[in-house]
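S.K.: need the 3D shape of this:
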Amino acid sequence: MTLGSISRRTPMAAVVAVVAASVALSATAVAGAGAGKDNPQVTAITVRPIHEAQVVRGDDGKDHVEYDLLVVSVVGDPVTLSSVTVLDRAGNQLGRIDGATLAAATQNLFPHTPVDETGIPSSGAAAVEVDLALAPGTVPAQVTNRIAYSVPQGSGSAVILDATEGQVDGPKVAVNRRPAIEIKPPLAGDGWLAVTACCGPNVHRDLRLAIDGRRIETGEAFAVDYGQLQGNRLHEGDGSTNEQFFGFGADVLAVADATVVFTQDGEPEQTPGEAIPATKFSQIGGNKVILQIAPKVFAAYEHLQPGSLTVKVGDKVKTGAVLAKLGNTGPSTGPHLHFELLDRPNVATGRALPFVFDRYTLAGTVDIANAQDGNIVITPESRQVRSEYPLWGSIQNFP
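M.R.: Predicted coordinates for the structure are as follows:
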């Protein structure tokens with residue numbers, strides 16, 4: 001969907017933009033200082049989690065702990081974050097974000113863009129995306145965070161703080177360690193590239209919307225955009241028509257036995273590379289199908305071909321049933337399937353849920369540093385995957 005489509009320019013450009021901004025934290029076991037201070041301190045920022053952390057087993061074999069920190073500046077000068085350290089209850093360091101990685105992860109709340117290099121503005125807010133990649137089975141029930149920051153030398157804020165540097169010990173973040181939902185893949189065949197997916201800054205992982213004036217939801221944190229590769233290309237020729245894209249017209253499949261709870265048809269196909277902004281909410285995501293696959297679990301499919309939907313609201317479908325065909329409808333710059341699980345049948349107000357596919361072959365990963373001129377440089381792999389999530393940049397062969 002436009003809140004996270006394949007690309008802002010071309011499908012290949014999106015691969016570069018998405019994957020280049022990785023925020024993965026390596027797991028470590030280094031002892032660290034405990035969070036918290038005995039005496040109250042004036043700080044430049046307040047920090048809280050947007051919601052509890054979620055966990056998914058990625059196809060790199062690691063458990064990815066995903067959460068966002070909401071950072072609000074309460075001083076009169078820009079605040080620059082210098083590091084975010086993640087600790088367990090015992091004060092052991094689990095991971096750290098700093099440098100260019102932290103700059104990419106510190107973002108304006110909606111526009112999918114990093115905060116200006118001058119820092120979080122006075123009275124401004126930003127979100128810091130945290131992707132904590134840990135060895136399987138080592139995810140704690142709670143983590144805490146130590147956020148270091150600075151304000152300009154000689155500024156009024158430095159006078160109030162009596163320092164140019166400071167840190168906030170906290171906040172604590174509860175980790176929902178409930179196992180991710182296991183489903184079948186929404187597509188069949190080989191060469192399906194996760195052009196956009198968790199776990200790093202990109203147009204899906206970055207999405208945040210305020211709900212009821214009370215909370216912020218991350219409705220696309222685990223959403224995947226799929227394009228199909230043949231060799232190392234997403235399309236033949238210059239990619240100027242939908243029909244040149246290898247995934248265009250592929251069957252889109254039910255990921256579980258389910259009930260159809262929402263459909264939308266009638267949005268026209270778009271021209272590749274020419275995303276037209278939505279003028280009303282219903283256009284976002286183009287033609288859609290939403291299935292209820294379990295209590296409070298909904299599977300959403302978007303950008304479907306007009307006239308290809310085979311189901312209507314109320315229909316019962318079996319796993320693997322054809323729902324529609326992959327298209328390029330709604331604001332989108334190239335044919336792809338947007339797929340995700342949500343906790344409610346609404347792509348705006350729902351929270352993304354972590355999921356894993358029961359099985360597939362990991363056929364390779366994209367070497368983004370060497371991608372150019374529409375050619376995707378692939379690091380080949382051939383590994384059978386069981387109950388793992390397709391991380392962005394990975395290539396799946398589905399049964």
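S.K.: kindly check the end-to-end length of stretch 227-246 for me.
M.R.: With C-alpha to C-alpha, to the nearest Å as the measure, stretch 227-246 spans 8 Å from end to end.
S.K.: list the buried residues of it.
M.R.: Within stretch 227-246, the residues that count as buried by 16 or more other C-beta atoms under 10 Å are Gly227, Gln228, Leu229, Arg233, Leu234, His235, Gly239, Thr241, Asn242, Gln244, Phe245, Phe246. C-beta here means a position set from N, CA and C on the backbone, and glycine is covered the same way.
S.K.: now swap in stretch 135-151 and tell me
M.R.: For stretch 135-151, by 16+ other C-beta under 10 Å, it's Val139, Pro140, Val143, Thr144, Asn145, Arg146, Ile147, Ala148, Tyr149, Ser150, Val151.
S.K.: make CSV from the residues you listed and add secondary structure and distance to Ala352 to it.
M.R.: Supplementary listing: these in CSV, determined by DSSP: H, G, I helix; E, B strand; the rest coil; distance: C-beta to C-beta, whole Å:
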residue, secondary structure, distance to Ala352
Val139, coil, 18
Pro140, coil, 22
Val143, strand, 20
Thr144, strand, 24
Asn145, strand, 21
Arg146, strand, 27
Ile147, strand, 24
Ala148, strand, 29
Tyr149, strand, 29
Ser150, strand, 33
Val151, coil, 34
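S.K.: ok, Tyr301 - how many residues close by?
M.R.: Look at Tyr301: counted by other C-beta atoms under 10 Å, it has 25 neighbours.
S.K.: the nearest residue to it once chain neighbours are set aside pairs with what?
M.R.: Nearest non-adjacent residue to Tyr301, counting by C-beta to C-beta, 6 or more residues apart in numbering: Val289, 4.7 Å away. Beta bridges link Val289 to Thr263, Tyr301, judged by DSSP bridges.
S.K.: need the contact list for Val289.
M.R.: Val252, Val260, Phe262, Thr263, Ala300, Tyr301, Leu304, Leu309, Val311, Leu323, Ala324 (C-beta atoms under 8 Å, 6 or more residues apart in numbering).
S.K.: pLDDT score assigned to it?
M.R.: On the pLDDT scale, Val289 is placed at 98.
S.K.: try the one 4 residues further on
M.R.: According to the prediction, Ile293 has pLDDT 98.
S.K.: and stretch 169-178, average pLDDT?
M.R.: Stretch 169-178 shows a mean pLDDT of 95.
S.K.: contacts for that stretch next, please.
M.R.: The contact list for stretch 169-178 (C-beta under 8 Å, 6+ apart) reads 34-37, 47-49, 52-55, 65, 67, 69, 139-146.
S.K.: can you pull the buried residues of it?
M.R.: Neighbour counts over stretch 169-178 (16+ other C-beta under 10 Å) mark Asp169, Gly170, Pro171, Val173, Val175 as buried.
S.K.: between those, which is closest to Ile378?
M.R.: Among the buried residues of stretch 169-178, Val175 lies closest to Ile378 (C-beta to C-beta), at 33.6 Å.
S.K.: that closest one pairs with what?
M.R.: Going by DSSP bridges, Val175 forms beta bridges with Ala53.
S.K.: export stretch 94-114 to CSV, keeping only CA atoms.
M.R.: Taking C-alpha atoms only, stretch 94-114 is exported to CSV below (Å, rounded to 0.1, in the frame of the first residue of the first chain):
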residue,chain,number,x,y,z
LEU,A,94,22.0,-7.1,24.9
GLY,A,95,22.6,-4.7,22.1
ARG,A,96,23.5,-1.1,21.2
ILE,A,97,22.5,1.3,18.4
ASP,A,98,24.7,4.3,17.6
GLY,A,99,26.3,6.2,14.7
ALA,A,100,24.7,6.0,11.2
THR,A,101,22.5,3.1,12.4
LEU,A,102,21.0,5.2,15.1
ALA,A,103,20.6,8.1,12.7
ALA,A,104,18.5,5.9,10.3
ALA,A,105,16.5,4.5,13.2
THR,A,106,15.6,7.9,14.7
GLN,A,107,12.6,9.0,12.7
ASN,A,108,9.8,11.5,12.3
LEU,A,109,6.7,9.8,13.5
PHE,A,110,4.9,9.5,10.2
PRO,A,111,6.9,10.5,7.0
HIS,A,112,9.3,7.4,7.0
THR,A,113,12.2,9.8,7.1
PRO,A,114,15.1,10.2,9.6
